[in-house]
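1. sequence and predicted structure, then a few things I'm wondering about:
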Amino acid sequence: MSNTTSASASATHASDQYNQIQTKQELMSMLLEGKLSGEKEGWLSSEEAKIILRIKQ
């Protein structure tokens with residue numbers, strides 16, 4: 001494999017890893033937001049959540 005191909009593959013891998021980290025950070029932020037909201041405003045029962053999700057479909 002040439003150095004150019006190796007460097008390109010390495011850059012692609014690094015970019016993929018960066019995107020994965022960004023996505024995980026966004027998910028963790030959203031989960032924290034939901035947790036804080038539940039603690040502040042109260043939690044929904046599983047049945048209430050199912051009803052809300054059905055309405056939004």
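-> Yes, it's here. Residues are numbered from 1 along each chain as shown.
2. after the helix or strand containing Ala7 comes which helix or strand?
-> Per DSSP states H and E, Ala7 falls inside helix 3-41. Sequence order places helix 46-56 as the next helix or strand after helix 3-41, per DSSP H and E.
3. tell me how far that next one lies from the chain's centre.
-> Distance, stretch centre to chain centre, for helix 46-56: 21 Å (C-alpha atoms, centre = their mean, to the nearest Å).
4. kindly report the same for stretch 13-32.
-> That offset, for stretch 13-32, works out to 6 Å (C-alpha atoms, centre = their mean).
5. hey, C-alpha coordinates of it in PDB?
-> C-alpha atoms of stretch 13-32 as PDB (Å, rounded to 0.1, in the frame of the first residue of the first chain):
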ATOM      1  CA  HIS A  13     -10.500   6.500  10.100                       C
ATOM      2  CA  ALA A  14      -9.700   9.600  12.300                       C
ATOM      3  CA  SER A  15     -12.700  11.400  10.700                       C
ATOM      4  CA  ASP A  16     -15.000   8.500  11.400                       C
ATOM      5  CA  GLN A  17     -13.800   8.400  15.000                       C
ATOM      6  CA  TYR A  18     -14.300  12.100  15.400                       C
ATOM      7  CA  ASN A  19     -17.900  11.800  14.100                       C
ATOM      8  CA  GLN A  20     -18.600   8.900  16.400                       C
ATOM      9  CA  ILE A  21     -17.400  11.000  19.400                       C
ATOM     10  CA  GLN A  22     -19.400  14.000  18.300                       C
ATOM     11  CA  THR A  23     -22.500  11.800  18.000                       C
ATOM     12  CA  LYS A  24     -22.000  10.200  21.400                       C
ATOM     13  CA  GLN A  25     -21.600  13.600  23.000                       C
ATOM     14  CA  GLU A  26     -24.800  14.800  21.400                       C
ATOM     15  CA  LEU A  27     -26.600  11.700  22.600                       C
ATOM     16  CA  MET A  28     -25.300  12.100  26.200                       C
ATOM     17  CA  SER A  29     -26.300  15.800  26.200                       C
ATOM     18  CA  MET A  30     -29.800  14.900  25.100                       C
ATOM     19  CA  LEU A  31     -30.100  12.100  27.700                       C
ATOM     20  CA  LEU A  32     -28.900  14.600  30.400                       C
END
